[in-house]
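Chemist: Coordinates for the following, if possible.
(chains A and B)
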Amino acid sequence: MLPEIALITMSLAFFAATLAKTGHDLLERGALVLALGVLAASLATYGTSGLFFFKAYKIDAFSQTFKILIALGLFLILWMGAGFRGVNRKFQPEYYMLLALSCLGLFVMISAVELVSIIIGLEIASYTIYVIIPLRRQPHQREPLEASIKYVFFGGSATGISLYGLSYMYGLGHSTYLADLGRVMPGLLASQPLAVIGLVMLLCALFFKLALFPMHFWMPDVFVGAAHETTCLVATLPKIGAMALLVRLVAMAGQDAPQLCLILSIIATLSMFVGNLSALNQHDIKRMLAYSSIAHAGYMMVGIVSLNQLGLSSAIYYLCGYLFMNIACFMVLYNLSPEGENLTFESLHGLYRRSPLLAAVLAVGAMGLSGIPPTIGFTGKFMIFSAALQKSYYWLVGLAVLNVCISAFYYLRLVRAAYSSVEESDGRICLSVPSAVLGMVMIAAIILSGIFPQDFFRLTLKAVLSVL
Amino acid sequence: MEQYLLFNSQDFPILSTLILMPLAGAIVCLFIRNETFLKLWGLAVTMTTMALSLPLYFLFDQTSDKYQFAELGQWIPALKLDYVVGVDGISLPLVLLTTCLMPLCILCSWSQIKARLAEFVFVLLIMESAMLGVFISLNTVLFYIFWEGMLIPMYLLIAVWGGPRRDYASIKFFLYTFVGSVFLLIALIVLYVRSGSFFIPDFMHLHYPFNIQLMNFVCCAITFAIKIPMYPFHTWLPAAHVEAPTAGSVILASVLLKMGGYGFLRFCLPIAPQASLYCAPVIIAMSLAAIVIGGYLALGQTDVKKLIAYSSVAHMGFVTLGIFLFSMQGVKGAILQMVNHGITTGALFICIGMIYERTHSRELEVNKALGILMPAYVTFLGIFSLSSFGFPGTNGFVGEFMVLAAAFSKYILVGAIAVPGAVLAAAYMLRMLQKMVWADSDGHHHDCHDGSDDHRVLSDINPREWFILAVLAIFVFWLGFKPGLVLDIMDASVRHLLIHVGG
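Modeler: The predicted structure is shown next:
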């Protein structure tokens, strides 16, 4: 329980900070140190296992792996957001407190093995993020408020549908504990259509967080409306939590669930197409990244659909890579916008001259997202497609591959914009040492974890084995 | 697995060093500031790589069809994926072609690239690494990683240092090749799922049902047809060649195109023999289309680089024709044609680069009547043009002759259609030569001492350019008179391949 305690400590610390008047630097460094503490706690408790709170809260390799991922993501996002330029300085302590609480909610969501507790964790994670989305540098602007309203309403209805699905599951399975449901689920899925519908509805909240079709409509507006750090947060951490839950719930279905897999494949395909085709036309970079995010959720779903060990673990591996690549891209956006404003492709022109490191980071991130070797994006896609082909999903993989081709176009546009020359460009961007180090770490992470995926993969395999 | 590999006796990982050395050199050159030192460093790295690859030629066992100088290492045990590299008779000539051409690429960019030289040398060295990796990897995932790994450096090469329309050309190149590669990925994954292994020689010895073979052949063929490029998929090549810098054009023409042919020999023929036999008429028809239509397209060009680009399409048509005739003469002729085309077309692009540096135009109308002004240059231009259309005595002759002979011995009609293609090659090459060297269109000859209206001051080639062109010319004649140098190496491997295909 150490990571959770560390997170509670972090949120209490920042709660105290909201009441006091602390300097920005102290808050920032405090946040980084505490996040590092959470990460250390998660790493330290990796091998432990146990059941708490009337068997509703399970700690095993699966949950701890995801906690490490989330803690790592939190740390990287706080590192990336050094300087705290995008969000209103007045609310800085509240921001950190709500971030910590959100992560706490995600931890609860991941570790809970009882449906109601899962929903509680989900809600804790969601409500906190609802609040930080409108907190942007210039208050009273239309876009952040619009983004947060969309997120709230969509999130609320998604959770509502989930609760409805939960009621079906409870009605059919006679228990809210996942262990009990897991025993009866394969049989139910085969015999009762209501079980399939119930499970899919239950998963709707997760589709919302992952931004899969048809719950993806919020993503572009939220990405554009929120500050860069918040967007990065929304793009990565809830997805990790939702993926954990998705794997846990779908793993209940056993090895073979044709109707469920059919529905999930359709969702995956439509997400990929909607995401990739919409991203082709965007001018605003964050909007483009939002649509591409929808497509990536589709690819991860392809991995999950195969329902075997390779598929589930490769989906998790891909998600981890997605975390790195996202942070790389958002880091560049964050450092390019001194006022925290939204950027278009024109703002990227001449980037290689202004800051070669940032251009390289963007290029490597874009290469990874589009799936060019030797990045982690390629290795992840390769494993996902292998898993799906093992289960003979030829059509699905064919369509996914078609989408990879489509996506290459707009990612290439990113690289091209960054490396194109412009006559009068703005001045040189001086990156602070921590940001430069982060950039290099991200490049190394994306490329090295693509070339040498063994250790990572072993981790995710072990995690999945404890669930299957 | 080991039964297909022949480990070298010296225990020195020569092939891995060949890949890693340019990579290490590339990373170092990001930190060098002095321009001259950068160029010298690039030259030094490429020459060392070349020197390292020469023992491969001399120590190669020509009687064995196994993969020599092989290295085996652990990579991803979870997927049973190993790091395996090795060369055989088919890949060795191409490896040598790559390593020997790279120093010449660096040399020919000596005065041409002014901006961002460090990144240029970096990209060139990364490309060398990736190209060598493609030819020597014996593991499909490794092959795919190197194959795709070439895309971004080549894209940057065209997009950053290219001509006026470089945006269009680089995007077209990238998207065409990327889409092709994705088909290759599907084929490789299906192979893995069916056979449980990534090791390329394993695939030769497994028998697949015909529909799997057909699917595999079609997917791989699309990829390699885009890369070679074969007739309907060739439109990216003229754009890319015209806009790329000289070194980029040389690499593109000499090595990248050969990877398509190599891919056919390494993937399509061994893994899908029955499907290859079944689809051979289609491929032969596409090759003939490339030879004839490529020739006609070249005949009508006014931009010299575009002319050579279309001539590349035609020459590679001979390569695919040779491969899909499934005879010893045909396949050996095809591989020899690949090597020869690499040398000759590389040389032609270097020549054009040299004249472009002087006149800043690639149009035939501007670069005419150079014979009086630059006699040494036009000598070399003439040599390489003769080689390009297969004049006996030059290297181009042997490859084309072998392919044509094989075509005639198998299907007379195919040979009869291919021969006009060879004649067309002579037509467009001589047309280019006539315009560039001697006269302009109305037959008016320029005389130096009558105060002619030709006020161009064009310096003849300097010693560095002499060296590049002389080396290439030596190879042209050497391989022209003694093609056995290359043909003997590939004998055992090609025989083994053809026995397997059973054509």
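
Chemist: drop to CA atoms for contacts and neighbour counts, all remaining ones
Modeler: Noted.

Chemist: number of nearby residues for the residue in the stretch 301-450 of chain A that chain B sits nearest to?
Modeler: Taking CA to the nearest CA, chain B has its nearest neighbour within the stretch 301-450 of chain A at A:Pro373, 5.1 Å off. By other CA atoms under 10 Å in any protein chain shown, the residues close to A:Pro373 number 26.

Chemist: Would you confirm that it belongs to a helix?
Modeler: No. If the criterion is DSSP: H, G, I helix; E, B strand; the rest coil, then A:Pro373 is coil and not within a helix.

Chemist: Tell me the confidence at it?
Modeler: The per-residue pLDDT reported for A:Pro373 equals 81.

Chemist: Next up, the contacts around A:Ser167.
Modeler: A:Gly198 (CA atoms under 8 Å, 6 or more residues apart in numbering or on different chains).

Chemist: Mind telling me what element it is part of?
Modeler: Taking DSSP states H and E as the criterion, A:Ser167 maps to helix A:142-173.

Chemist: Against which helices or strands is the helix or strand that comes right after that helix packed?
Modeler: Next along the chain after helix A:142-173, taking DSSP H and E as the criterion, comes helix A:178-191. Helix A:178-191 sits against helix A:142-173, helix A:193-202, with contacts defined as 3 or more CA pairs under 8 Å, 6 or more residues apart in numbering or on different chains; DSSP states H and E.

Chemist: avg pLDDT for helix A:178-191?
Modeler: Rounded mean pLDDT across helix A:178-191 is 80.

Chemist: which parts of it are buried?
Modeler: For helix A:178-191, burial by neighbour count (16 or more other CA atoms under 10 Å in any protein chain shown) applies to A:178, A:181-182, A:185-186, A:188-190.

Chemist: okay, it in CSV with CA atoms only?
Modeler: The C-alpha trace of helix A:178-191 is given here as CSV (Å, rounded to 0.1, in the frame of the first residue of the first chain):
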residue,chain,number,x,y,z
LEU,A,178,-14.4,-9.8,-10.4
ALA,A,179,-13.1,-13.1,-9.1
ASP,A,180,-16.6,-14.5,-8.9
LEU,A,181,-17.6,-12.9,-12.2
GLY,A,182,-14.5,-14.3,-13.9
ARG,A,183,-15.6,-17.8,-13.1
VAL,A,184,-19.1,-17.5,-14.7
MET,A,185,-18.3,-15.0,-17.4
PRO,A,186,-17.1,-17.2,-20.3
GLY,A,187,-20.2,-19.3,-19.9
LEU,A,188,-22.5,-16.3,-19.7
LEU,A,189,-20.9,-14.6,-22.7
ALA,A,190,-21.5,-17.6,-24.8
SER,A,191,-25.1,-18.2,-23.7
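
Chemist: out of the helices and strands packed on helix A:178-191, nearest to B:Tyr428?
Modeler: helix A:142-173 (62.3 Å; CA to CA).

Chemist: how about stretch B:417-434 as CSV, C-alpha atoms only?
Modeler: Extracted as CSV, the C-alpha positions of stretch B:417-434 are listed here (Å, rounded to 0.1, in the frame of the first residue of the first chain):
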residue,chain,number,x,y,z
ILE,B,417,10.3,-7.5,-77.3
ALA,B,418,13.3,-6.9,-75.1
VAL,B,419,15.8,-6.2,-77.8
PRO,B,420,14.2,-3.0,-79.0
GLY,B,421,14.5,-1.9,-75.5
ALA,B,422,18.2,-2.3,-75.6
VAL,B,423,18.2,-0.4,-78.9
LEU,B,424,16.2,2.4,-77.3
ALA,B,425,18.8,2.6,-74.6
ALA,B,426,21.4,3.3,-77.2
ALA,B,427,19.1,5.8,-78.8
TYR,B,428,18.5,8.0,-75.8
MET,B,429,22.1,7.7,-74.5
LEU,B,430,23.5,8.7,-77.8
ARG,B,431,21.0,11.5,-78.2
MET,B,432,22.1,12.8,-74.8
LEU,B,433,25.8,12.4,-75.7
GLN,B,434,25.4,14.1,-79.0
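
Chemist: Surely B:Tyr144 is in contact with B:Ile186?
Modeler: No. Contact criterion CA atoms under 8 Å: B:Tyr144 and B:Ile186 do not qualify, at 11.0 Å.

Chemist: Quick check: phi and psi on the residue of the stretch 151-300 of chain A found nearest chain B?
Modeler: Across the stretch 151-300 of chain A, the shortest distance to chain B (CA to the nearest CA) belongs to A:Leu280, at 13.9 Å. Taking degrees, to the nearest 10, you get phi -60, psi -30 for the backbone angles of A:Leu280.

Chemist: go on, B:Ile136?
Modeler: Note on B:Ile136: backbone dihedrals following degrees, to the nearest 10 are phi -110, psi -10.

Chemist: residues contacting it?
Modeler: Taking CA under 8 Å, 6+ apart as the criterion, B:Ile136 is in contact with B:15, B:85-87, B:91, B:95.

Chemist: Filter those down to the buried ones.
Modeler: Neighbour-count burial (16+ other CA under 10 Å) applied to the contacts of B:Ile136 gives B:15, B:85-87, B:91, B:95.

Chemist: Near chain B, which residues of chain A are found?
Modeler: Contact residues (CA under 8 Å from any CA of the partner chain) of chain A with chain B: A:372-374, A:382, A:385-386, A:389-390, A:398, A:401, A:404-405, A:408-409, A:412, A:416, A:419-420, A:452-454, A:457-458.

Chemist: Please tabulate the buried ones among the contacts of B:Ile136 in JSON lines and include distance to B:Phe401, pLDDT and secondary structure as additional columns.
Modeler: JSON lines is the format used below for these (distance: CA to CA, whole Å; pLDDT from 0 to 100; DSSP: H, G, I helix; E, B strand; the rest coil):
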{"residue": "B:Leu15", "distance to B:Phe401": "33", "pLDDT": "86", "secondary structure": "helix"}
{"residue": "B:Val85", "distance to B:Phe401": "33", "pLDDT": "87", "secondary structure": "strand"}
{"residue": "B:Gly86", "distance to B:Phe401": "30", "pLDDT": "87", "secondary structure": "strand"}
{"residue": "B:Val87", "distance to B:Phe401": "27", "pLDDT": "88", "secondary structure": "strand"}
{"residue": "B:Ser91", "distance to B:Phe401": "22", "pLDDT": "91", "secondary structure": "helix"}
{"residue": "B:Val95", "distance to B:Phe401": "24", "pLDDT": "93", "secondary structure": "helix"}
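
Chemist: okay, now A:Val441: neighbour count?
Modeler: 14.

Chemist: er, B:Leu299 actually
Modeler: Using other CA under 10 Å, B:Leu299 is surrounded by 21 other residues.

Chemist: Read off the pLDDT value for B:Gly317.
Modeler: pLDDT, B:Gly317: 92.

Chemist: hang on, the earlier thing: give me the subset of the residues of chain A next to chain B that lies in helices.
Modeler: In helices, defined here by DSSP state H, the members of those are A:382, A:385-386, A:389-390, A:398, A:401, A:404-405, A:408-409, A:412, A:416, A:419, A:454, A:457-458.

Chemist: State the helix or strand in which the nearest residue to B:Leu30 once chain neighbours are set aside lies.
Modeler: Leaving aside its chain neighbours, B:Leu30 sits nearest to B:Ala118 (5.8 Å; criterion: CA to CA, 6 or more residues apart in numbering or on different chains). Assigned by DSSP H and E, B:Ala118 belongs to helix B:117-136.

Chemist: what residues does the helix or strand that that helix is followed by touch?
Modeler: Using DSSP H and E, the helix or strand that follows helix B:117-136 in sequence is helix B:140-149. When contacts are defined by CA under 8 Å, 6+ apart, helix B:140-149 is touched by residues A:372-374, B:83, B:130-131, B:133-135, B:137, B:178, B:181, B:185, B:188, B:198-200.
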